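Student: The sequence and its predicted three-dimensional model are supplied below.
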Amino acid sequence: MKMISQQKSANTPRPSSRPSRTGLRRRRTSIIALLVLMVSFGAVLGTDIFRSLSADIRIYNNVVKNLLSEYVDDIDSRSLINSSIEGMLKNLDPYTIFLRSEDQTGIGMLTRGTYGGVGIRLGMRGKVLTVIAPMEGTPAHRAGVRPGDHIIRIDSIYTKEYSTDKAARLIRGKPGTKVTLTFMRPGEDEPLPIDLIREEIKVNDLPYYGLENGVGYINLTRFSKDTADQLKAALKDLTEQGLEGLILDLRGNPGGLLRDAVDIVDAFVEPDLRIVETRGRTKKSRRIYKSEEEPVLAADIPLVILVNGGSASASEIVAGAIQDLDRGVIMGSETFGKGLVQSIFPLGKNTSLKLTTAKYYIPSGRLIQREDYLDNDVLTDGLDKHDSLFVTSHGRIVKGGGGITPDVLLEAEPLTPLYRTLQSGGHFFDFATSRQNNYDLTLPIQITDPMLADFRHYLYAKEIAPKFPGERDLGVFRESLAELESFPGEVDLSQLESYFERRRASAFDDELAAVRRGLTLEFSSIAGGVAARIRAALAVDPVYRRATQMLGDPVAYDSLLAPPEETADLGSRR
């Protein structure tokens, strides 16, 4: 049973040409045959639910026949059926979806752990398809593809107005085949075509791990086929280097495969402990997963797991099980709250159904799913109440009702106005990629005064104008005031406007530390890839710093895992 992160299916476009009458009759026949098969399927099962559906299916059958034979214009039968399927599913939970051929790649990457491609991370910068980074050791990396390169053509197809998903589907393909990417490189005037031979690219869910002063750090970005094996190998390496405490970073990890989440918890706890239970309507959806092997991480090595609002699904299984089994301390902000299990059911050659088949419950009995998606009359069974309380193995009180509440709650620092504007607009990235040949990019990156002056001039030329708290409200007030025709006088807003102008003029100097941090991350990524960027981010990460302090204070660590006296015996009774 696999937990798969949501894939959004695209609407099939309406064909530009009208189908022939022969083709229309053929499609009409195939649809009617499909509907007859659906009715027959219900009859074979002989269950009450399918017998009660037979009348509704006959109505649906008649609607389709009339639409195809009598509607004023020709209708594409495939689009019609696909749309009706999507309409059937949209009132269920948001993770039950119809997958077409273009949606299958992401699931294949999760379940196989590989894909055929050239190793490029894509993004959009100024509505232009842009290389965020080539992956180390891949065809793109060996061919000299750089961060910031704009992809203007894939083989003979121009990429203007192409989304990253659509471009990725064109770039991926069978290993051993050729794809020609044509780039526009910042600072150069002529297009740069590069021939690349696709290879089997291994999905790397563990972009960085390292050890500093006895404290190990592992960053996991999602859970796919080989994630558990990657983590266990990293644990063994860190142990040989003298590991004394471990930080597992699941912040921003949206989840993935249930089996890999179970195997990762298995690496931290002793055998024969319940990790997660799935419960659904069918017998095969009800299952208890237990730890099976001796832990890779020694029991006397303390563990801190970092989470935030982007930690979901399989990440919450890992964090929740570790919390319920009192194996480690959870630190950060409250997690997303996705406690539903999806299974993939093939429907045809290029389509499948991703269907929610169960809910998962972590060792204390908590259901992590939030109630947010139950805004309809389809899913009527209730979830755990927000005030439900559960106990861990040691008897600590933990909260149910959605998401994992950390043992140490640390909210992320809010982004400052200028930094938010520069980050969301891609200005740190654009500046770094355009200037990567101008400066010494020896790691660790040092942002010098000339680099800051250059960036200040760059922003001035771009006329970057950050918005400050209250400024938007001032604009709304000004517009509303102008609409008051009977207002007798004038309101002088010049002092407020001058205040915001002064804030804008001093923003660069006021936020110099944040600006320096943004530049450091981007130049580090260019110089050393994802691993170098993560190392640079950790150097100024207050949550990571707090985690290292916790691991260096055994008294504080043990006290967090100790239950109150009044509930100490509850855990042992479970």
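Tutor: Thanks, I have the structure now.
Student: SS state for residue 440?
Tutor: coil (DSSP: H, G, I helix; E, B strand; the rest coil).
Student: Ramachandran angles for it?
Tutor: Phi and psi for residue 440, reported as degrees, to the nearest 10, are phi -70, psi 120.
Student: how much space between it and residue 147?
Tutor: Distance, residue 440 to residue 147, using C-beta to C-beta, to the nearest Å: 17 Å. Using the backbone N, CA and C atoms, a C-beta is placed for each residue, glycine as well.
Student: who's more crowded, those two?
Tutor: Each of residue 440 and residue 147 has its neighbours counted (other C-beta atoms under 10 Å); residue 147 has more, 20 against 10.
Student: Excluding residues flanking it in the chain, which one is nearest residue 477?
Tutor: What sits nearest to residue 477 in space, not counting adjacent residues and going by C-beta to C-beta, 6 or more residues apart in numbering, is residue 493, at 7.9 Å.
Student: can I see the domain layout of this protein?
Tutor: 21-96, 114-202, 208-409, 417-540 (automatic domain parsing).
Student: From start to finish, how long is the longest one in a straight line?
Tutor: When you say that, I think you mean domain 208-409. Start and end residues of domain 208-409 are separated by 25 Å (C-alpha to C-alpha, to the nearest Å).
Student: mind checking the SS state of residue 501?
Tutor: helix.
Student: quick one: contacts for it?
Tutor: If a contact means C-beta atoms under 8 Å, 6 or more residues apart in numbering, then residue 501 has no contacts.
Student: Also residue 412?
Tutor: Taking C-beta under 8 Å, 6+ apart, one finds 308, 333, 543 in contact with residue 412.
Student: Need the three-state assignment for residue 478.
Tutor: Strictly by three-state DSSP, residue 478 counts as helix.
Student: Could you do the one 3 residues further on as well?
Tutor: In the three-state summary, residue 481 is assigned as helix, counting by three-state DSSP.
Student: That one: neighbour count?
Tutor: Using other C-beta under 10 Å, residue 481 is surrounded by 12 other residues.
Student: Could you find the closest non-adjacent residue to it?
Tutor: residue 491 is the one closest to residue 481 (C-beta to C-beta, 6+ apart), at 6.1 Å.
Student: ok, residue 493 to residue 472 distance?
Tutor: The value you get for residue 493 to residue 472, if C-beta to C-beta is used, is 14 Å.
Student: Repeat that for residue 111.
Tutor: Counting by C-beta to C-beta, the gap from residue 111 to residue 472 is 45 Å.
Student: So if I had to pick from these two, which one is more boxed in?
Tutor: residue 111 (15 against 10).
Student: mind checking the SS state of that one?
Tutor: helix.
Student: do the one 4 residues further on as well
Tutor: Each residue gets one of three states, and residue 115 gets strand by three-state DSSP.
Student: ok, now residue 200?
Tutor: strand.
Student: for residue 175, phi and psi?
Tutor: phi -60, psi 140.
Student: The residue lying closest to residue 471 once chain neighbours are set aside: how many residues sit nearby?
Tutor: Of all residues not flanking residue 471 in the chain, residue 500 sits nearest, at 5.2 Å (C-beta to C-beta, 6+ apart). Number of residues near residue 500 (other C-beta under 10 Å) recorded here: 16.
Student: got a list of what residue 500 touches?
Tutor: Applying C-beta under 8 Å, 6+ apart, the residues near residue 500 are 468, 470-471, 474.
Student: Got phi/psi on residue 343?
Tutor: phi -120, psi 150.
Student: Averaged pLDDT, the host helix or strand of residue 345. What do you get?
Tutor: Secondary-structure assignment from DSSP states H and E places residue 345 in strand 340-346. Mean per-residue pLDDT for strand 340-346: 90.
Student: contacts for that strand?
Tutor: In contact with strand 340-346 (C-beta under 8 Å, 6+ apart) are residues 1-4, 93, 95-96, 99, 107, 258, 278, 280, 285, 352-360, 369.
Student: Which ones among those map onto strands?
Tutor: Counting by DSSP state E, the contacts of strand 340-346 place 99, 278, 352-360 in strands.
Student: Most neighbours among the residues you listed, which one is it?
Tutor: Taking other C-beta under 10 Å as the neighbour criterion, residue 360 ranks highest of the ones in strands among the contacts of strand 340-346 with 29 neighbours.
Student: My guess is that one contacts residue 255. True?
Tutor: No. With contact defined as C-beta atoms under 8 Å, residue 360 and residue 255 do not form a contacting pair (11.0 Å).
Student: what bridges to residue 216?
Tutor: residue 211, residue 246 (DSSP bridges).
Student: please begin residue numbering at 25 from this point
Tutor: Sure, I'll start counting at 25 from here, so that last one is residue 240.
Student: Test my guess that it contacts residue 264.
Tutor: No. With contacts counted by C-beta under 8 Å, residue 240 stays clear of residue 264, the gap being 11.1 Å.
Student: Settle it for me: which of the two has more neighbours?
Tutor: Each of residue 240 and residue 264 has its neighbours counted (other C-beta under 10 Å); residue 240 has more, 25 against 9.
Student: how close does that one sit to residue 287?
Tutor: For residue 240, the distance to residue 287 - C-beta to C-beta - is 19 Å.
Student: Scan the protein for its longest helix.
Tutor: The helix spanning the most residues in the chain, taking DSSP state H as the definition, is helix 536-562.
Student: As a check, name the ranges of all strands in the stretch 225-374 of the chain.
Tutor: 232-236, 239-243, 269-273, 298-303, 311-314, 327-331, 353-356, 364-370 (DSSP state E, counting those that start in this stretch).
Student: any idea which of those strands is most buried?
Tutor: strand 327-331 (a mean of 28; mean count of other C-beta atoms under 10 Å).
Student: and the angle from that strand to strand 269-273?
Tutor: Relative orientation of strand 327-331 versus strand 269-273 (axes from the mean of the first three to the mean of the last three C-alpha atoms, to 10 degrees): 20 degrees.
Student: List of residues touching strand 327-331?
Tutor: Residues contacting strand 327-331 (C-beta under 8 Å, 6+ apart): 269-275, 292, 321, 339-340, 342-343, 346, 351-357, 359, 428, 430, 567-568, 571, 574-575.
Student: Put the alpha carbons of it into PDB.
Tutor: The C-alpha trace of strand 327-331 is given here as PDB (Å, rounded to 0.1, in the frame of the first residue of the first chain):
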ATOM      1  CA  LEU A 327      17.600  12.000  18.100                       C
ATOM      2  CA  VAL A 328      15.900  15.200  17.100                       C
ATOM      3  CA  ILE A 329      13.500  15.400  14.100                       C
ATOM      4  CA  LEU A 330      12.800  18.800  12.600                       C
ATOM      5  CA  VAL A 331       9.400  19.400  11.000                       C
END
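Student: Mean confidence (pLDDT) on that strand, please.
Tutor: Rounded mean pLDDT across strand 327-331 is 98.
Student: Give me the distance between that strand and the centre of its chain.
Tutor: Taking C-alpha atoms, centre = their mean, to the nearest Å, one finds the center of strand 327-331 at 18 Å from the center of the full chain.
Student: got the angle for it vs strand 239-243?
Tutor: With the same axes, to 10 degrees defining the directions, strand 327-331 sits at 30 degrees from strand 239-243.
Student: Could you list the paired strands of strand 327-331 along with their orientation?
Tutor: Sheet pairing for strand 327-331, using DSSP bridges, gives strand 269-273 (parallel), strand 353-356 (parallel).
Student: Now tabulate these in CSV and tack on distance to residue 184.
Tutor: As requested, these are exported to CSV (distance: least, C-beta to C-beta, whole Å):
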stretch, distance to residue 184
strand 269-273, 38
strand 353-356, 41
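Student: Tell me who's in contact with the residue sitting nearest the centre point of the chain.
Tutor: Residue closest to the average C-alpha location in the chain (C-alpha atoms, centre = their mean): residue 278, at 4.2 Å. Shown in contact with residue 278 (C-beta under 8 Å, 6+ apart): 29, 246, 334-337, 339, 360.
Student: How about residue 158?
Tutor: 143-145, 164-165, 169-171.
Student: That one and residue 227: what is the separation?
Tutor: 15 Å.
Student: Next, the buried residues of stretch 421-438.
Tutor: 422-432 (16 or more other C-beta atoms under 10 Å).
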